[in-house]
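> predicted model and sequence follow; I will ask about them next.
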Amino acid sequence: MGQQHDSPVAKWLCGLLMVAILTSGWSPGWAQQGDLAGNLAGNLDGDLDGESGVQWVRDVQIGGYLDLELFINSNRFDFRNHRLVPMLDAVVTEHVHFSCEIEFEYGGPQVATGDGEVKVEYAHVDVDLGGWQLRTGAILVPLGSTNLHHDSPIRPLTQRPLVARTVVPTTLTSAGVGALLEGAEGDWLLEIYTLNGFNGGDAIDGYNIDSTSGIRAARPGLKKNGDRSPSLCGRFLWRPELGTEVGLSAWNGSWDAQGELDLTIAVIDVTTEVTAGIDTVGPIEVQLEVARVAIELDAPARSAGVPAELAASSIQLSRRFYPAILERWFGAESSSGLTLRFEGEDLGGHRKRRSTIGFNIRPSDETIFKFDLERVKVEDQADPDATIICSMATYF
C-alpha cells in the first residue's frame, strides 16, 4: 500500500464536505457549466408502460454546440472543425436531474489524420436532498471560471486562455461525488467533491508532467484511481452585486502512482464591469483568472525535470456594441464586440506571453463570428509571426 497523505488543505476540504452533508439550511444550487438550460431546444415527453405497470415520464432537452476555426500565418492555413458537442438534459423526477455533454473533437478518432477523439465532458446526476444537492458521475471540475464556462459560443475569443490549458487543463473532468449549496439570495455558491486524482506517472513508466504542457497529459481518468486516497476539490463563488462574481478554487491530492507525492492547485477568478468614465464607451467587462500549481517532488521526479511549480494568469477586457446596421440585418438580439486579452505562463521552462485582440459579430446570443489577431512571445526565442484566427460557433 502507498503512503497516504492528509494535508491541511485536504482536511479543510473534508470538513467543508461534512458541513455540506450535515447542513440543510440552504436552498439547492446548480453548478455553472455553459448555458445549457437557456440554449438547449427540443422537449421530449413520453410514457412507457411495461408489464410491471411502472409509468416512465421524462422531460428531456437535446441540443449542443458546433464550432469551426481558421488559422492563418506565414506557415499555415488550417480549417479546424474543432468541436461538435451534443448536450442532453433530463428531469428524471422532481428531485433527480441528469445532465451530460459529449465532445467529438476533430471529427472523432476514425478520421484519416487519426488526431480526433470522442470524450465525455461531463455526465452527472443531481439529487435534491432538501437544502443541498448531491452530485455524482463524471464531474466538470470546479477549478476556475473557464473550466465551468468553456462553451465556444459564449466566449468572445477563439482560443481559451493559457491558464485553462496547462495549469487548469480545460476541459477538466473527473469521476467522483460531492455536494452543492447555494445562498438563499443566490449571492454565493459552494461546490465540493471527492474525485479521482491526476495521473502524473512515475520513474518506471515515465512522467506526464513537464515544462511544455504542464499537467495537461496527467488529467484524471474516469475508470480508476489506483492505490491512492481520493483527491478533493472545491470552489466558493461570491456574488457581491449584480454583474460581479469572485471565485476561489482549490484542489489537493496525490499525483504519482504510489500516492506519496501531493499536487495542489489554487485558482482565483473575478468577473465584473467597470466604466471608463466616458459615457460613449460604456461599461467594460473585466475577466481575471490566476492559477498556481504546487507539485511535491522526490529525487527521481526532480532529476527527470518535473517542475515544482506551474503558474499562469489572464486578464480580458470586453466591450459589447449594438450597431443599428446589425439590428436591421439580424434583429434586436444582434450585437458586436471588441475584446483584448493579455496572458502569461510559467511552466518552469521558457516563460510565455500571449496577447490577443478580437472583434466579433453576434446575429443572436447563441451564434458568434470571431475575428482575432494573436501574438505569442516565448522567452529566449525569436518572435513568430502574428496569427489571424477566424471562427464561428453556435448553439443548436
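Received, thanks. Numbering: from 1, shown residues only.
> go ahead and confirm Asp59 touches Ala90.
Yes: between Asp59 and Ala90 there is a contact at 6.9 Å, judged by Cβ atoms under 8 Å. C-beta here means a position set from N, CA and C on the backbone, and glycine is covered the same way.
> just the pLDDT at the residue nearest the centre of the chain, thanks.
Centroid-nearest residue in the chain, with Cα atoms, centre = their mean: Asn147, separated by 1.1 Å. Asn147 carries a pLDDT value of 97.
> just say helix, strand or coil for it.
helix (DSSP: H, G, I helix; E, B strand; the rest coil).
> for it, which residues are in contact?
Shown in contact with Asn147 (Cβ atoms under 8 Å, 6 or more residues apart in numbering): 140-141, 164, 168, 170-172.
> could you measure from it over to Val168?
Asn147 sits 6 Å away from Val168, going by Cβ to Cβ, to the nearest Å.
> so what's Gln381 up against?
His350.
> that one and Arg353, how far apart?
Gln381 sits 11 Å away from Arg353 when distances are taken as Cβ to Cβ.
> equivalent analysis for Ser391, please.
On the measure of Cβ to Cβ, Ser391 and Arg353 end up 22 Å apart.
> next one: Glu241
Counting by Cβ to Cβ, the separation of Glu241 from Arg353 is 32 Å.
> quick one: which of these two has more around it?
Using other Cβ atoms under 10 Å as the criterion, Glu241 and Arg353 rank with Arg353 on top: 14 against 9.
> ok, back up a step: out of the contacts of Asn147, which is nearest to Gly108?
Ranked by distance to Gly108 (Cβ to Cβ), the contacts of Asn147 are led by Thr171 at 16.3 Å.
> in a helix, that closest one, correct?
No: Thr171 sits outside any helix when classified using three-state DSSP, being coil.
> quick one: contacts of stretch 71-80?
Applying Cβ under 8 Å, 6+ apart, the contact partners of stretch 71-80 are 68-70, 106, 384-390.
> dump those to JSON lines, plus distance to Leu129 and pLDDT.
Converted to JSON lines, the contacts of stretch 71-80 look like this (distance: Cβ to Cβ, whole Å; pLDDT from 0 to 100):
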{"residue": "Leu68", "distance to Leu129": "42", "pLDDT": "98"}
{"residue": "Glu69", "distance to Leu129": "42", "pLDDT": "98"}
{"residue": "Leu70", "distance to Leu129": "47", "pLDDT": "98"}
{"residue": "Tyr106", "distance to Leu129": "40", "pLDDT": "94"}
{"residue": "Pro384", "distance to Leu129": "53", "pLDDT": "79"}
{"residue": "Asp385", "distance to Leu129": "55", "pLDDT": "85"}
{"residue": "Ala386", "distance to Leu129": "52", "pLDDT": "95"}
{"residue": "Thr387", "distance to Leu129": "49", "pLDDT": "97"}
{"residue": "Ile388", "distance to Leu129": "51", "pLDDT": "98"}
{"residue": "Ile389", "distance to Leu129": "45", "pLDDT": "98"}
{"residue": "Cys390", "distance to Leu129": "47", "pLDDT": "98"}
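> show me which of the residues you listed are buried.
The neighbour-count criterion (16 or more other Cβ atoms under 10 Å) marks 68-70, 106, 386-387, 389-390 among these as buried.
> from those, which land in strands?
Judged by DSSP state E, the buried ones among the contacts of stretch 71-80 include 68-70, 387, 389-390 as members of strands.
> all set, thanks.
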